[in-house]
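Asks: I would like the atomic coordinates for the input below:
(2 chains)
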Number of protein chains: 2
Amino acid sequence: MDGSTDDAVDRLEGRRVEPDGESAHADWRTLQPLDLSPILSAALDAFYETGFHGTSVREIARRVGVTVPALYYHHENKEGLLIALLELSTSDVLSRAHAAAAEGAGDPVRRLANVIEAIVLRMTMRSALAALEGEARYLSPENRQRYRAVRKGIEQLVREIVEEGSATGDFEVDDPAETTRALLGMCQSIPRWYHAEGTLSPEAVAEKYVAIALKTVGARRAPL
Amino acid sequence: MDGSTDDAVDRLEGRRVEPDGESAHADWRTLQPLDLSPILSAALDAFYETGFHGTSVREIARRVGVTVPALYYHHENKEGLLIALLELSTSDVLSRAHAAAAEGAGDPVRRLANVIEAIVLRMTMRSALAALEGEARYLSPENRQRYRAVRKGIEQLVREIVEEGSATGDFEVDDPAETTRALLGMCQSIPRWYHAEGTLSPEAVAEKYVAIALKTVGARRAPL
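Replies: Below you'll find the predicted structure:
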């Protein structure tokens, strides 16, 4: 290992990040750039441009300016990079969504509006990361299972709110589980068109999707 | 070129297909297996398993049992295979959706219900083909433009129905364009979970999504 690689490794060490805790997202509407390590940042760009299977570890190392062994020092393999990015992305949106829901405590209409706003802001402002979710099907069964468990957190949160609003009579929903999936589905599709056709600001898209989501759950009133 | 390759080419020639015309889908609820050529069929499997960028032309040729030059005889390059599959898929769903809408003529609620049913049946029964839409972002700008124009057909059909229903007072929609995208988005996300978690029949999923879609457009009554 030559000197320049050592330097690069040190640099990487200093910039490794952990997913933020929930408490970090009291201001869930503000999305700072994600503090990704240079390796994860390069992997994200490469996966976005050429897909998981179309990206080699060598190409990621080339983008970062490190050797392949230096990269393996930090991540077990290419799949390790994908699962790290997916988990980072999912815990980020999960903690924001929880903070958004907490802010609306006591009013299921406000809670749903806030959570949809948080999800859509992230879909529009972090669309490369959000688009990566489509690559999750290439994970090994074990990692796919692990990732699905994290994703379930979002589904569970939205479903609880949908059920809460049905119980209070604020929503009118026949099938809370499927309605939850439909709500998440409409948000997940945003990265497919947003960069290509989006002339709207992230905030404007969020506002529209909140209105549509409230209609989808048959909300009988506006958020308090 | 040896004899076995010639045989294979003949076999392929005999099985090349054109997308069905609209008239072929009077019975839009019945999805026969798509009559793909062996090359397109192998390309679909390979793209589904390892993504567009993760699949080589050599691998597709190997799956079909032809040489690479034989494959190039039929398709210009790997992107030619992807665009052929995407266009086949999109024209298939477009012609089914048009037939479904036509059957509900005079009643926007029935028209929307039918179109959502047609789209969801195809998402659940042809999920590999439907999932391929996520690979469209890897197309060259020119082909992406061409593909987007075809996809616009579906969006236009759904939007017309949403606007028709708003005009007759059957729907209550603030933003027809965005509501249309949300409706299509919830359907497009189905392939992400259907195979992994689906215990419902395609018909049962379609019924649920019709109910959710009618709520999303604020339908004031059931289909006639």
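Asks: Please list the residues of chain A that sit near chain B.
Replies: A:50-55, A:131, A:133-135, A:137-138, A:144, A:148, A:172, A:174-175, A:178-179, A:181-190, A:192-193, A:196, A:208-209, A:211-212, A:215-218 (C-beta under 8 Å from any C-beta of the partner chain). For the C-beta atoms, the positions are set from N, CA and C on the backbone; glycine is no exception.
Asks: low-scoring pLDDT stretches of chain A, where are they?
Replies: Applying pLDDT under 70 to chain A flags the ranges A:1-24, A:196-198.
Asks: can we see that at 50?
Replies: Within chain A, the stretches with pLDDT under 50 are A:1-23.
Asks: mind listing the helices for it?
Replies: Using DSSP state H, the helices of chain A run over A:3-14, A:38-50, A:57-64, A:68-74, A:78-103, A:108-125, A:127-131, A:141-168, A:176-188, A:190-197, A:202-216.
Asks: hmm, who's touching stretch A:208-221?
Replies: Here stretch A:208-221 makes contact (C-beta atoms under 8 Å, 6 or more residues apart in numbering or on different chains) with A:109, A:112-113, A:116-117, A:120, A:162, A:165, A:169-173, A:179, A:182-183, A:186-187, A:190, A:200, A:222-223, B:172, B:174-175, B:178-179, B:182, B:212, B:215-218.
Asks: buried subset of the residues you listed?
Replies: Burial by neighbour count, 16 or more other C-beta atoms under 10 Å in any protein chain shown: within those this picks out A:109, A:112-113, A:116-117, A:120, A:162, A:165, A:170-171, A:173, A:179, A:182-183, A:186-187, A:190, A:223, B:178-179, B:182, B:212, B:215-218.
Asks: do you know which of the helices of chain A lies nearest B:Ala70?
Replies: Evaluated over the helices of chain A, closeness to B:Ala70 peaks at helix A:38-50, with 26.8 Å, by C-beta to C-beta.
Asks: packing partners for that closest one?
Replies: Judged by 3 or more C-beta pairs under 8 Å, 6 or more residues apart in numbering or on different chains; DSSP states H and E, helix A:38-50 is in contact with helix A:3-14, helix A:57-64, helix A:78-103, helix A:127-131.
Asks: mind redoing it with 10 Å?
Replies: Here helix A:38-50 touches helix A:3-14, helix A:57-64, helix A:68-74, helix A:78-103, helix A:127-131, going by 3 or more C-beta pairs under 10 Å, 6 or more residues apart in numbering or on different chains; DSSP states H and E.
Asks: will you turn those into CSV that also has mean neighbour count?
Replies: What follows is the helices and strands packed on helix A:38-50, written out as CSV (neighbours: other C-beta atoms under 10 Å in any protein chain shown):
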stretch, mean neighbour count
helix A:3-14, 13
helix A:57-64, 17
helix A:68-74, 16
helix A:78-103, 20
helix A:127-131, 20
